[in-house]
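Engineer: need the 3D shape of this:
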Amino acid sequence: MNDVYNIDEAKELLSYHSGRNSNIDNPKWRQGFLGSLRPFRGTLQEDNFIEVMECMKVLQKQFSTPQIDSTMVADVVAIVHYTRAWSSKDGMLGRNHLLSKQQEELLMIWCDLIEECLCYLLDGAVEEAFFEYEEYKNGDFFEYEAKSVRK
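Structural biologist: The predicted structure follows:
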């Protein structure tokens, strides 16, 4: 995975991860964040989560401007919304019991991190936007979460 994208590449990658890109023949469309859940092949692709977050890093200034490209927001919201809907007990993944409890929990953590990041970016709080994601990448997130639950 390449961590360095330009703005256009990051926008395009987000559109594939959200399934909103019209080029459905591109492998990234089928193997992206949402594409990998439909149809679900039994494993979660953490690289997709990381790529979504890295795209958001590249686009952090674009998310924090007064005039935001609504397609970027729609892509991120689609990733979070459809993941939650599909993994709910009435969604295609939940209804068909395709996810283990651990997979369901991990998907919800990813959704929470993406959503929180978007909220901070839209609010102009760039420093806070990636704090928990960095904790996640460094392996400290679950320890951090456990401590905050015990308080």
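Engineer: in the lengthiest helix in the chain, which residues are buried?
Structural biologist: Counting residues, the longest helix in the chain under DSSP state H turns out to be helix 101-122. Going by neighbour count (16 or more other Cβ atoms under 10 Å), the buried part of helix 101-122 is 103-104, 107, 109-111, 113-118, 120-121. The C-beta positions use only the backbone N, C-alpha and C, and glycine is treated the same way.
Engineer: name the SS class of T71, please.
Structural biologist: helix (DSSP: H, G, I helix; E, B strand; the rest coil).
Engineer: list the contacts of it.
Structural biologist: 11, 15, 20 (Cβ atoms under 8 Å, 6 or more residues apart in numbering).
Engineer: next one: L93
Structural biologist: Counting by Cβ under 8 Å, 6+ apart, L93 touches 37, 40, 86-87, 99, 104.
Engineer: any idea where the helices of this structure begin and end?
Structural biologist: 7-17, 27-31, 46-58, 60-63, 70-87, 92-95, 101-122, 126-129, 131-137, 141-150.
Engineer: any idea which of those helices scores lowest on pLDDT?
Structural biologist: Per-stretch mean pLDDT for the helices of the chain is lowest at helix 141-150 (a mean of 49).
Engineer: roughly how far does D90 sit from R84?
Structural biologist: 11 Å (Cβ to Cβ, to the nearest Å).
Engineer: and those two? which has more neighbours close in?
Structural biologist: More crowded of D90 and R84, by other Cβ atoms under 10 Å: R84, with 15 against 8.
Engineer: hang on, that one packs against D112?
Structural biologist: No - counting by Cβ atoms under 8 Å, R84 does not reach D112; the two are 9.8 Å apart.
Engineer: fine, thanks again, bye for now.
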